[in-house]
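S.K.: Give me coordinates for this.
(2 chains)
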There are 2 protein chains.
Amino acid sequence: MIKPRTPPGVMELLPRDQIAFQRMLDTIRLTFERFGFLPVETPVFELSDVLLTKSGGETERQVYFVQSTGALNKSVESGGGDGLPELALRFDLTVPLARYVAEHERDLAFPFRRYQMQRVYRGERAQRGRFREFYQCDIDVIGKDALSPRHDAEIPAVIAAVFDALDIGEFTIWLNHRKLLRGFFEGQGIDGDRQLAVLRELDKLDKRGEDAVRATLVGEGFGLAADVADRLLAFSRVRSTGHDDALAKLDALGAGTPLFEEGREELRALLGRLKAMGVPASRYAINLSIARGLDYYTGMVYETTLDAYPQIGSICSGGRYDNLASHYTRSKLPGVGISIGLTRLFFQLRDAGLVAGADSSVDALVTLLDDAGLDRALALSQQLRAAGLNVETQLEPRKLAKQLQYADRAGIRFVVIRGEDEAARGAVAVKDLRRGEQFEVAEAELAQRLLDERKS
Amino acid sequence: MIKPRTPPGVMELLPRDQIAFQRMLDTIRLTFERFGFLPVETPVFELSDVLLTKSGGETERQVYFVQSTGALNKSVESGGGDGLPELALRFDLTVPLARYVAEHERDLAFPFRRYQMQRVYRGERAQRGRFREFYQCDIDVIGKDALSPRHDAEIPAVIAAVFDALDIGEFTIWLNHRKLLRGFFEGQGIDGDRQLAVLRELDKLDKRGEDAVRATLVGEGFGLAADVADRLLAFSRVRSTGHDDALAKLDALGAGTPLFEEGREELRALLGRLKAMGVPASRYAINLSIARGLDYYTGMVYETTLDAYPQIGSICSGGRYDNLASHYTRSKLPGVGISIGLTRLFFQLRDAGLVAGADSSVDALVTLLDDAGLDRALALSQQLRAAGLNVETQLEPRKLAKQLQYADRAGIRFVVIRGEDEAARGAVAVKDLRRGEQFEVAEAELAQRLLDERKS
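M.R.: Below you'll find the model as predicted:
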């Protein structure tokens, strides 16, 4: 006898939680499709040499390799160590997207707008809230040779629509621009090579606090003058409240280098587009501390936080990059995208009591009181299904109390009972467990009645 | 520069094919939910000792093992060979179901009705039409201690509803019963041990033909008398056409052993239930040659074929088994289930020209004729989205002909054009690329008009 158990670091759900999770996936997918993004799915594994083009880095050390029994035997026989296994599990959806776009370049229309919602794999240290398998829900717009910054403006509109639809509370999309940041650094006499290092340090403000970051910036490694460090920190503190304030805060930054002005102009234009799209001003704000650690962002960067749960951190992040697939193609493929880590988000929302096991996906349980009623119960169930209701049929007679208890525990809202009295009248009784009410309805009208009740 | 490519044996789709595939997945899921099945997802990998409880077998040799970079390094340093890697990719959805039900036994209500639609992994030989990664779409009903044969009757109703909804042509669900088969063998003097071997031989009738199978049965290994072999083959030839004929064919088999009579009675009862559920009689038939190679089936067995494409083979198979999870729990968990191998099915349907790249998931392209129109285009797009339409906005002005060509290639049906003339009237022009028609409509009525047109 083997103890049934999952590996550490995965999230496996009981049905009612799975239904809640599935509804979030469906909502996200629907919203991505509303904005004209097309579905892509890629294989869970890629060829190792294709996946691991970038040298070293934390990500590579966390990769899961895959080999068939045959390959495993061969490797054992030869003493192992003859290079990496042939296959590896994807660790994000960006590298597979780069490979996909480069591989299918001639068959795709650009700008290519794709969404992808699949699980990714990382050999994280086992720890509560850290997952080795988790869903990412990504959108990206990929241009060929060039991609107008106008596409950057659609992204916050998508984020706003997604989290409005998910209905998990008020949220803010934080906006910043790498060119604004780097232009500002430039203006402070920090040259190109050191800009990324300063950026990475400023990205730690949340974790380390201002004093520690300031100490590092004026310390030996960076050697910034005290007034420069102060100006960097003051810059990082800039946050807007409302649309007009965002524009005002940008104006108040004063004149800067050409790079700085370019970034500011793109941010201003983006704010205009958001207004044109009717995104509520309460949903977005300038936040000049947002850096995003990843080096490959080159323009707009986005983070999103739940207003009531800032400690959860960013629930949707991304930005603009210059070239998606330089390892796979000579074509220049600039893009902009965001990612939602849904497994982690679901875990934290559940922890915070913001999502609970959903009602069942089953709308109605058709009960069975005695064997003689079986064929009627089956026919009635099929009638309800044909009308678009999800129905479970009780196939063996049990005490009605047991059947009601089962429906209640399973989160099934309607219980259909065809007792003798009702049957004589061509009717059925329905218990609405959500409202704690009971009503009688003619069998022929049952489906429509349940559909109406379900809406209310 | 690395050549971008997928590993052999996977099916990766371009967007329009992916949309067609996604619609099939959605249809199957919807239908599974109609019948009250609950969603389950399990991790892609299981602990190796949990996954590989059954000794030996082809399946085990095809398993993909998974190890993190860290584990890989350790194994190389220690010269490899210190047992199997810790993790392995699931090769079907049945073993994970067994593990899931045994692990969560106390939290589940029985009979437990679950559906699961995920990819599974097998290290198959590389060959056209053979996949190393493919979707399975499974339903199972699991009882605790016992499960009424009535559940077996719902399964063909689900299969019929799924393939009706998929709309890929006429199909037949073939029914047989292991007890009828084994009871018949018993009656022919073939004892228990040899019954499975005979079963496996008869399962090869399709591939080897009657003459070859007959030769084997009367040959040295089996040593059956010629008349016994003839009766077995005659029995295998029994197929019904229509509901009454199925009952008549069962009657015509004559009396048999108690096991035989039990199987016949269950088949008769199942036919009655199918009629009660209104499953059209053209959708199901008795076929006494259906054996299903797997040893663990003990009652009803099902296969499904497309009437016009018998060469595709069974597109949905399954059956009744006595005990799902004997490796993981002492509880007896009988069940009944079926599986659709959707990746292979999609591949073959596409080969046969039965599915083609779908229309885009994008309903409408809002065009852009000049920069001045951008904000109006964005606002109009949002208005359409709010009404439930999937919309892509052209963000950079291009020649209208280019925008129309793009929509046409992408399979987008409606192209919304806000020219100067129309704008002066508060209207827009719409090209319906499917119908090759153009119409003008007031901006305020555009969304409703497109929704109406989309239905027609």
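S.K.: Near the residue nearest to A:Arg376 when sequence neighbours are not counted, how many other residues are there?
M.R.: Nearest residue to A:Arg376, sequence neighbours excluded (C-beta to C-beta, 6 or more residues apart in numbering or on different chains): A:Arg418, at 6.5 Å. C-beta coordinates here come from the backbone N, C-alpha and C atoms, glycine included. Other residues within reach of A:Arg418, judged by other C-beta atoms under 10 Å in any protein chain shown, total 20.
S.K.: Also A:Pro4?
M.R.: Using other C-beta under 10 Å, A:Pro4 has 22 neighbouring residues.
S.K.: From chain B, how far off is A:Ser236?
M.R.: 31 Å (C-beta to the nearest C-beta, to the nearest Å).
S.K.: where does the residue in the stretch 351-456 of chain A that chain B sits nearest to land in three-state SS?
M.R.: When scored by C-beta to the nearest C-beta, the stretch 351-456 of chain A has A:Glu392 as its residue closest to chain B, at 3.0 Å. The three-state label given to A:Glu392 by DSSP: H, G, I helix; E, B strand; the rest coil is strand.
S.K.: and it, what does it touch?
M.R.: A:Glu392 sits next to A:362, A:364-366, A:381, A:412, B:35-36, B:113 when contact means C-beta atoms under 8 Å, 6 or more residues apart in numbering or on different chains.
S.K.: For the helix or strand hosting A:Ala161, which helices and strands make contact with it?
M.R.: Using DSSP states H and E, A:Ala161 sits in helix A:150-166. Contacts defined by 3 or more C-beta pairs under 8 Å, 6 or more residues apart in numbering or on different chains; DSSP states H and E place helix A:150-166 against helix A:15-34, strand A:133-142, strand A:171-177, helix A:258-276, strand A:297-306, strand A:335-341, helix B:374-386.
S.K.: which of the residues in that helix are buried?
M.R.: By neighbour count with 16 or more other C-beta atoms under 10 Å in any protein chain shown, helix A:150-166 contains the buried residues A:150-163, A:166.
S.K.: same check, this time on stretch A:238-253
M.R.: By neighbour count on 16+ other C-beta under 10 Å, the buried set for stretch A:238-253 is A:238-240, A:243, A:246-247, A:249-250, A:253.
S.K.: do stretch A:119-134 as well
M.R.: A:119-123, A:131-134.
S.K.: Turn these into JSON lines, columns for distance to A:Gln188.
M.R.: Shown next, in JSON lines, are the buried residues of stretch A:119-134 (distance: C-beta to C-beta, whole Å):
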{"residue": "A:Arg119", "distance to A:Gln188": "43"}
{"residue": "A:Val120", "distance to A:Gln188": "38"}
{"residue": "A:Tyr121", "distance to A:Gln188": "41"}
{"residue": "A:Arg122", "distance to A:Gln188": "36"}
{"residue": "A:Gly123", "distance to A:Gln188": "40"}
{"residue": "A:Phe131", "distance to A:Gln188": "39"}
{"residue": "A:Arg132", "distance to A:Gln188": "42"}
{"residue": "A:Glu133", "distance to A:Gln188": "43"}
{"residue": "A:Phe134", "distance to A:Gln188": "39"}
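S.K.: Pull the most distant pair out of these.
M.R.: Using C-beta to C-beta, the two most remote members of the buried residues of stretch A:119-134 are A:Arg119 and A:Gly123, lying 14.2 Å apart.
S.K.: Who does the residue of the stretch 351-456 of chain A closest to chain B form a beta bridge with?
M.R.: A:Leu365 (DSSP bridges).
S.K.: ok, it to B:Ala160 distance?
M.R.: Computed as C-beta to C-beta, to the nearest Å, the A:Glu392 to B:Ala160 distance reads 18 Å.
S.K.: Likewise for A:Phe439?
M.R.: Distance of A:Phe439 to B:Ala160, computed by C-beta to C-beta: 32 Å.
S.K.: And A:Gly436, by the same measure?
M.R.: According to C-beta to C-beta, A:Gly436 stands 37 Å off from B:Ala160.
S.K.: again, but for A:Arg125
M.R.: 49 Å.
S.K.: before we move on, what about A:Ile315?
M.R.: Taken as C-beta to C-beta, the span from A:Ile315 to B:Ala160 is 43 Å.
S.K.: need the contact list for A:Asp408.
M.R.: If a contact means C-beta under 8 Å, 6+ apart, then A:Asp408 has A:Leu433 as its contacts.
S.K.: how does chain A divide into domains?
M.R.: Annotated domains of chain A cover A:6-44+A:90-169+A:308-358, A:172-296, A:364-455 [automatic domain parsing].
S.K.: centroid residue for chain A?
M.R.: With distances taken as C-alpha atoms, centre = their mean, A:Ile340 lies nearest the centre of chain A, 2.2 Å away.
S.K.: Enumerate the beta-bridge partners assigned to that one.
M.R.: When assigned by DSSP bridges, A:Ile340 has beta-bridge partners A:Cys137.
S.K.: again with A:Val416
M.R.: Residues in beta-bridge contact with A:Val416 (DSSP bridges): A:Val366, A:Val430.
S.K.: I figured it hits A:Leu368, correct?
M.R.: No - with contact defined as C-beta atoms under 8 Å, A:Val416 does not reach A:Leu368; the gap is 10.3 Å.
S.K.: Kindly compare burial across the domains of chain A and name the winner.
M.R.: Most buried of the domains of chain A, by mean neighbour count (mean count of other C-beta atoms under 10 Å in any protein chain shown): domain A:6-44+A:90-169+A:308-358, with a mean of 20.
S.K.: any idea how far A:Asp193 lies from A:Arg320?
M.R.: A:Asp193 sits 22 Å away from A:Arg320, going by C-beta to C-beta.
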